[in-house]
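> Need a 3D model of the sequence below.
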Amino acid sequence: MSGFVEKPEPVEVPGLTHLHTGKVRDLYRNGAGELVMVASDRMSAYDWVLPTEIPDKGRVLTQLSLWWFDQLSDLAPNHVLSTELPAGAPADWAGRTLICKSLDMVPVECVARGYLTGSGLVEYDASRTVCGLALPEGLTDGSELPAPIFTPATKAAVGDHDENVSYEEVARQVGAETAAQLRQATLAVYARARDIARERGIILADTKFEFGFEGGTLVLADEVLTPDSSRFWPADQWQPGRAQPSYDKQFVRDWLTSPASGWDRRSEQPPPALPREIVDATRAKYLEAYELLTGMSWSDSF
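Residues are numbered from 1 along each chain as shown. Down below sits the predicted model:
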């Protein structure tokens, strides 16, 4: 069993219809048929939405996504129409709300990996492959891959786990032409972002994107290149053969699986609340990632 430890009630706003409460985002539709996406401060880990929020997290995800959309605009159009707050929306929605195009979403998590870790490492250790792609011998946790690879996954509901799938399976699900478009776009966007991050002293180990179609045009959607959807490592501390320090929610995952949490992730018990020091340290990591990547001070932004 997994999912929400405490599922929140959706905020009611005149003129908006609530569509979905996700792990982090709440989705609405306005009277013009556009999507209104609100990034909360919820934190998810190990298929659970935790009972403790990380202050400002939703704003960091939104503002960082907007910055990245600007950096990538020549490679892929995106779904953002406006950042204007809907009339009647609560003040807390400021900075965390996007008005977006309603797209025909592709049911695939488009993952790019430039380094070996996480579920990719588990598969590699068992078969020397990741999503069926053969990799050379001798790689270890944190190794840079010979070239970035496209390793798609199925999109899971809240409480379920995304499952890695082969490129052939994606082609079977969405068609060969769309699969090729997804792979090309994913690797092109990853390469651009990897180079930008590297200039700022950050390794972009892997990341996942979501795409949808507007007519026949492939459009980048949802969040992009945030600490929730990516693994960011400090380049000056990179050392293959061990778990890497990170600017992402791996910090929370590590605490949850440590003796300090008292939680057994293999049990059906929900995870515990995060202690204040973990909340503060996680917030600091998200803000540090934002500031290092964008070159802007968070205090000057909000």
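> mind listing the helices for the stretch 201-302 of the chain?
250-256, 276-294, 298-301 (DSSP state H, counting those that start in this stretch).
> CSV for these, including mean pLDDT?
Compiled in CSV, those are given as follows (pLDDT from 0 to 100):
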stretch, mean pLDDT
helix 250-256, 89
helix 276-294, 95
helix 298-301, 84
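> any chance of those helices in CSV, plus mean neighbour count and distance to residue 153?
No exception for glycine: its C-beta is placed from N, CA and C like everyone else's. CSV is the format used below for the helices of the stretch 201-302 of the chain (neighbours: other CB atoms under 10 Å; distance: least, CB to CB, whole Å):
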stretch, mean neighbour count, distance to residue 153
helix 250-256, 19, 17
helix 276-294, 18, 23
helix 298-301, 12, 31
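> Pass me the low-pLDDT residue ranges in the stretch 101-250 of the chain, would you?
156-161 (pLDDT under 70).
> Which residue ranges of it form strands?
104-105, 108-115, 129-130, 133-134, 144-150, 153-154, 202-214, 217-221, 230-234 (DSSP state E, counting those that start in this stretch).
> Taking the centroid of this protein, which residue is nearest it?
residue 229 (1.7 Å; CA atoms, centre = their mean).
> residues touching it, list them.
Contacts for residue 229 (CB atoms under 8 Å, 6 or more residues apart in numbering) come out as 207-209, 223.
> between the helices of the stretch 201-302 of the chain, which one is nearest to residue 11?
helix 276-294 (22.3 Å; CB to CB).
> neighbours of residue 82, just the number please.
12 (other CB atoms under 10 Å).
> ok, and the closest non-adjacent residue to it?
residue 99 (4.1 Å; CB to CB, 6 or more residues apart in numbering).
> right, and the one you found touches residue 87 too?
No. With contact defined as CB atoms under 8 Å, residue 99 does not reach residue 87; the gap is 11.9 Å.
> Looking at these two, which one has more neighbours?
Neighbour tally, residue 99 and residue 87, criterion other CB under 10 Å: the higher count belongs to residue 99, 19 against 10.
> what's the spacing between that one and residue 62?
Using CB to CB, to the nearest Å, residue 99 is found at 12 Å from residue 62.
> Can you tell me what sits against stretch 178-189?
Against stretch 178-189 from outside (CB under 8 Å, 6+ apart): 72, 75-76, 106, 108, 110-112, 148, 150, 152, 167, 170-171, 174, 209, 211, 218, 220, 224.
> Please indicate which of these are buried?
72, 76, 106, 108, 110-112, 148, 150, 152, 167, 170-171, 174, 209, 211, 218, 220, 224 (16 or more other CB atoms under 10 Å).
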